[in-house]
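Asker: Please find the sequence and the predicted model below.
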Amino acid sequence: MKQSIFTILSNTALTENVYKMVLGGDTSAITAPGQFVNILLDGLYLRRPISVCDYDENTLTIIYKVVGKGTQAMSHMETGELDILTGLGNGYDLTVSGDHPVLLGGGVGVPPMYNLARQLLAQGKKVTVILGFNTKSEIFYEEEFKNLGCDVLVTTVDGSYGIKSFVTDALKEVSYTYFYTCGPEPMLKALHKATATSGQMSFEERMGCGFGACMGCSCKTLTGYKRICKDGPVMRKEEILWES
C-alpha cells in the first residue's frame, strides 16, 4: 500500500451516472489487475474504494458510478489533486488461466476486467469478455474491449441491446478454460453454480478502512472469515461459502 497525490487529467461521463477519471501519479504499488485504490475526499471521513480499470507507469484510470456523496463530488471534478492509497487488495492470478479464459463483468464490475484482459492478451491468450447490463443506456467499454482484441458479448436484462439474458446465459455459448469475474453478489453466486471450470471472483463490498483493520467487510470461506479489502477482493471459486 502506498499513499500518493494524483493529479486529475480528465473526468468524462460514459453513461448518465458512470464516469471515467484518468489521473497522473505514482502507480508503482499497483502490481496486479483487480486491485483497488482508496480515495480521500474533502469533507468526508471515510475514503472511497474504487477498482482499477487500467494503469501504466504514470497514469491511473478508474471508472466509477455515482451512488452517494463521495462519487457525486468526484463527478464534478475537472482539475485538482487527490490523496489516494494505491496497491490495495490481492488482484487476479494470471498464471492459472489456460489458453482461453472468459472474463465476466456486471455493471461497475466491468472496469477491472479491462486491464486483466490486456495482460492476458499480452501473454498470447484468447480472451472472451461477457459484459452484463440492465439496459442499453448503461453500456460502456464494449468498443474498448474489442479494440484490445477480445471477443465480446454484451447482455442486457431487458433485451434492448445484445443478448437478452444474464451473463450466466451467455456463458453457455462460450468454450473456455478458466473464468474471471467481478460484479454484484447475486451474479457471482449464480456464476459459482453455472461455471464448468475453476475461476476467480472479485467481490464488490462496502468498506470502512479499506486495508484490513476494521473487519467490516468480512465474508465466510472454507478457512474462516476473510476480509474483502485485505484478503480479497479476489477469491478462488472453491474457497467461497455462500449463505443459503
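Answerer: Right, received. Where do you want to start? Note that this is a predicted model, so its numbers are computed, not measured. Residues are numbered from 1 along each chain as shown.
Asker: what's the helix or strand for Glu173?
Answerer: Assigned by DSSP states H and E, Glu173 belongs to neither a helix nor a strand.
Asker: Hmm, it is touching Leu153, no?
Answerer: Yes: when contacts are counted by C-beta atoms under 8 Å, Glu173 is listed as touching Leu153 (7.5 Å). In this view, the C-beta of every residue, glycine as well, is placed from N, C-alpha and C.
Asker: tell me which element the residue nearest in space to the middle of the chain falls in.
Answerer: In the chain, the residue lying closest to the centroid (C-alpha atoms, centre = their mean) is Pro112, at 3.3 Å. Element membership for Pro112 (DSSP H and E) is helix 111-122.
Asker: same check, this time on Cys182
Answerer: With secondary structure defined by DSSP H and E, Cys182 is part of strand 178-183.
Asker: Show me what that strand is packed up against.
Answerer: Using 3 or more C-beta pairs under 8 Å, 6 or more residues apart in numbering; DSSP states H and E, the elements in contact with strand 178-183 are strand 101-106, helix 111-122, helix 167-171, helix 185-194, strand 199-203.
Asker: helix/strand/coil for the residue lying farthest from the centre of the chain?
Answerer: No residue in the chain has its C-alpha farther from the mean C-alpha position than Gly43, which lies at 26.3 Å (C-alpha atoms, centre = their mean). Three-state secondary structure (criterion: DSSP: H, G, I helix; E, B strand; the rest coil) places Gly43 in coil.
Asker: Show the pLDDT at it.
Answerer: In this prediction, Gly43 carries a pLDDT score of 92.
Asker: Backbone dihedrals for it, please?
Answerer: phi 80, psi 0 (degrees, to the nearest 10).
Asker: follow-up on the earlier one: and the nearest residue to the residue nearest to the centre of the chain once chain neighbours are set aside, what does it touch?
Answerer: In space, and not counting its chain neighbours, Pro112 is closest to Ser51: 4.5 Å by C-beta to C-beta, 6 or more residues apart in numbering. The contact partners of Ser51, taken as C-beta atoms under 8 Å, 6 or more residues apart in numbering, are Gly34, Gln35, Phe36, Ile62, Ile63, Val108, Pro111, Pro112, Cys182, Ser202, Pro233.
Asker: just checking, Val167 touches Met187?
Answerer: Yes: because the distance of 6.5 Å satisfies C-beta under 8 Å, Val167 is recorded as touching Met187.
Asker: Let me see the contact set for Ile97.
Answerer: You called it Ile, but residue 97 is Ser. Contacts for Ser97 (C-beta under 8 Å, 6+ apart) come out as Leu120, Gln123, Lys125, Thr177, Tyr178, Tyr180.
Asker: Buried ones among the residues you listed?
Answerer: Among the contacts of Ser97, the ones that count as buried by 16 or more other C-beta atoms under 10 Å are Leu120, Lys125, Tyr178, Tyr180.
Asker: From those residues, pick the one nearest Val157.
Answerer: Tyr180 (21.7 Å; C-beta to C-beta).
Asker: partners of the closest one in the sheet?
Answerer: Residues in a beta bridge with Tyr180, per DSSP bridges, are Leu103, Gln200.
Asker: now for the lengthiest strand in the chain, which elements pack on it?
Answerer: Across the chain, the longest stretch assigned as strand under DSSP state E is strand 2-13. With contacts defined as 3+ C-beta pairs under 8 Å, 6+ apart, strand 2-13 has these neighbours: strand 18-24, helix 69-75, strand 81-88.
Asker: If anything else comes up later, I'll come back, but that's it for now.
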